[in-house]
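Novice: Coordinates for the following, if possible.
(one chain, ligands or ions: 1)
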Amino acid sequence: MKTQHKSPIQFLSRTFLLKMMYKVLIADNQNTINQIIDLRYAVLRQPWDKPKDTATDELELSSINAYIENDREVIACGRVQDNGNGIGQIRYMAVHPDYQGKGLGKLIITRLEEEAKAIGLKTLELQARENALEFYKSQGYLVKETSFKLWDIIQHYLMTKELK
Ligand SMILES: CC(C)(COP(=O)(O)OP(=O)(O)OC[C@H]1O[C@@H](n2cnc3c(N)ncnc32)[C@H](O)[C@@H]1OP(=O)(O)O)[C@@H](O)C(=O)NCCC(=O)NCCS
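Specialist: Just a heads-up that it's a prediction; the model follows:
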């Protein structure tokens, strides 16, 4: 039987390759934030016919918005805000449907955690949609409690992670 040899590229981890392909950036202007809001709306609001203004709030400029783009289009995003007392909150995690399941969400949340640590946050909280529970669990978040049902449809769970 013929022996299968791995090429050097096959020894590189998926995360390493993804990091080479996609850079996680931090939004520093309103134009980029608007593009991020467009992605949030398309992924998190429009499928339930909810208005676009629910895809943002007044904390954009005081929060850290991480994003990934491809061909100048924002394809993944997430935000961390400082809630005080060393606690941060992750919100608005969204990956374009064509790019889900490829590791981009992991790149975004890892960057948000690094940014959170850099500003002195000790704990991160988030409200996970039921469909995203396993994603957050895979990133070390623990379910604290069953929380609210958004629009009486989408069950949410409060999850937390201690930053080390
Ligand atoms: C949830 C979401 C942000 C995750 O991003 P993603 O790019 O699809 O996830 P990744 O490919 O980075 O997955 C990272 C890890 O989570 C796991 N994972 C992701 N989704 C999963 C699922 N539904 N079930 C089980 N595991 C899952 C992956 O297997 C992967 O594990 P690995 O690192 O061991 O390979 C993205 O799928 C999304 O935008 N979903 C729709 C919007 C949404 O629900 N947002 C969250 C609101 S709280």
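
Novice: By mean pLDDT, flag the weakest helix or strand of the protein.
Specialist: When the helices and strands of the chain are scored by mean pLDDT, DSSP states H and E, helix 14-21 comes last with a mean of 86.

Novice: So is that one next to the ligand?
Specialist: No: Helix 14-21 lies out of reach of the ligand by Cβ under 6 Å from any ligand atom, never closer than 7.3 Å. C-beta: built from backbone N, CA, C; applies to glycine.

Novice: Name the surrounding residues that touch the longest helix seen in the chain.
Specialist: The residue-count maximum for a helix in the chain (DSSP state H) belongs to helix 104-118. With contact meaning Cβ atoms under 8 Å, 6 or more residues apart in numbering, helix 104-118 is reached by 15, 18-19, 22, 24, 26, 64, 66-68, 75-80, 88, 90, 93, 95, 124, 135-136, 138-139, 161, 163.

Novice: In ChimeraX, how would I select just the buried ones from those residues?
Specialist: Of the contacts of helix 104-118, the buried ones go into a single ChimeraX selection, burial set by 16 or more other Cβ atoms under 10 Å:
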select :18,22,24,64,66,67,68,75,76,77,78,79,80,88,90,93,95,124,135,136,139,161
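
Novice: Out of the contacts of helix 104-118, which sit inside helices?
Specialist: Counted as lying in helices by DSSP H, out of the contacts of helix 104-118, are 15, 18, 19, 135, 136, 138.

Novice: Relative to residue 44, which of these is nearest.
Specialist: Among those, residue 135 lies closest to residue 44 (Cβ to Cβ), at 14.0 Å.

Novice: out of the ones in helices among the contacts of helix 104-118, what pair is the most spread apart?
Specialist: Within the ones in helices among the contacts of helix 104-118, 19 and 136 form the most distant pair, 20.5 Å apart (Cβ to Cβ).

Novice: hey, what's the residue lying closest to residue 95 once chain neighbours are set aside bridged with?
Specialist: Leaving aside its sequence neighbours, residue 95 sits nearest to residue 76 (Cβ to Cβ, 6 or more residues apart in numbering; 4.5 Å). Following DSSP bridges, residue 76 is listed with bridge partners residue 68, residue 95.
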